[in-house]
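Trainee: 3D, please:
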Amino acid sequence: MKLMKKTKLMSMLTLVLFFGAGFLACNNVKDSDLQETATHIISANQDAVGISVSVTDHVATLSGTVEDDAAKRKVESSVMAVEGIKSVVNNIKVVPPAPVYVEPVVEKKSGQLIVATRKGKLNVHNKPGEQEHVIAVVDHGETLTLVEKTNDNWWRIRTESGMEGFCYSPYLEEQ
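Mentor: Have a look, this model is predicted:
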């Protein structure tokens, strides 16, 4: 019976020693080794470009930016899976990519003109020609409607108020 008690005692001591050695071996993993492993794992993740990791006392701290929450969680879980890492402090910021600005396509309205004078005003004549009677004056930037291109220099227009006449075409821009 004494032999059996001694055997049990020895078995228990051996078991305690085995677990104790295993526990100490786990704690002997260097932070630098854990950091290297975590860095290698992060570098394989295309969504984690620019993420850095530091390990102190088996606690990994992540920093940097990613484009979405899914990438942030993925990096954290991959580092947490490193054997020897006790916990992860996730300081990663989510910064969505800047929106892509697409210049709107502005379709030209057929028959629309803009008065493009240097002095600010443009005369509207009753007939084509500089010497013809002035029936109205339109301002720079005003929108007119093209009725007819009478010739290269004089176009028949309609003002916003509905009056029709002729303007010198070099001072008109088609829209």
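
Trainee: right, and the helix or strand after the least confident helix or strand in the chain by mean pLDDT?
Mentor: Ranked by mean pLDDT, DSSP states H and E, the helix or strand of the chain with the weakest confidence is helix 2-27, at a mean of 50. Going down the chain from helix 2-27, the next helix or strand is helix 31-43, by DSSP states H and E.

Trainee: which other helices and strands contact the following helix or strand past that following helix?
Mentor: Using DSSP H and E, the helix or strand that follows helix 31-43 in sequence is strand 52-56. When contacts are defined as 3 or more C-beta pairs under 8 Å, 6 or more residues apart in numbering; DSSP states H and E, strand 52-56 sits against helix 31-43, strand 59-66. C-beta coordinates here come from the backbone N, C-alpha and C atoms, glycine included.

Trainee: deepest of these, which one?
Mentor: strand 59-66 (a mean of 18; mean count of other C-beta atoms under 10 Å).

Trainee: buried sites along the helix or strand just after it?
Mentor: Following strand 59-66 in sequence order, the next helix or strand is helix 69-80 (DSSP H and E). For helix 69-80, burial by neighbour count (16 or more other C-beta atoms under 10 Å) applies to 71-72, 74-76, 78-79.

Trainee: cool, stretch 127-142 as well?
Mentor: 128, 136, 138.

Trainee: so which of those residues sit within strands?
Mentor: 136, 138 (DSSP state E).

Trainee: TSV for the buried residues of stretch 127-142, including pLDDT?
Mentor: Below are the buried residues of stretch 127-142 laid out as TSV (pLDDT from 0 to 100):
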residue	pLDDT
Pro128	92
Ala136	91
Val138	90
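
Trainee: out of the buried residues of stretch 127-142, who's nearest Asp47?
Mentor: Val138 (58.1 Å; C-beta to C-beta).

Trainee: was I right about that closest one contacting Ala116?
Mentor: No: using C-beta atoms under 8 Å, Val138 is not in contact with Ala116, being 11.1 Å away.

Trainee: going by distance to Gly64, which of the buried residues of helix 69-80 wins?
Mentor: When those are compared against Gly64 (criterion: C-beta to C-beta), the nearest one is Val75, at 8.6 Å.

Trainee: how about that closest one: what's its closest non-neighbour residue?
Mentor: Closest residue to Val75 apart from its sequence neighbours, by C-beta to C-beta, 6 or more residues apart in numbering: Ala48 at 4.8 Å.
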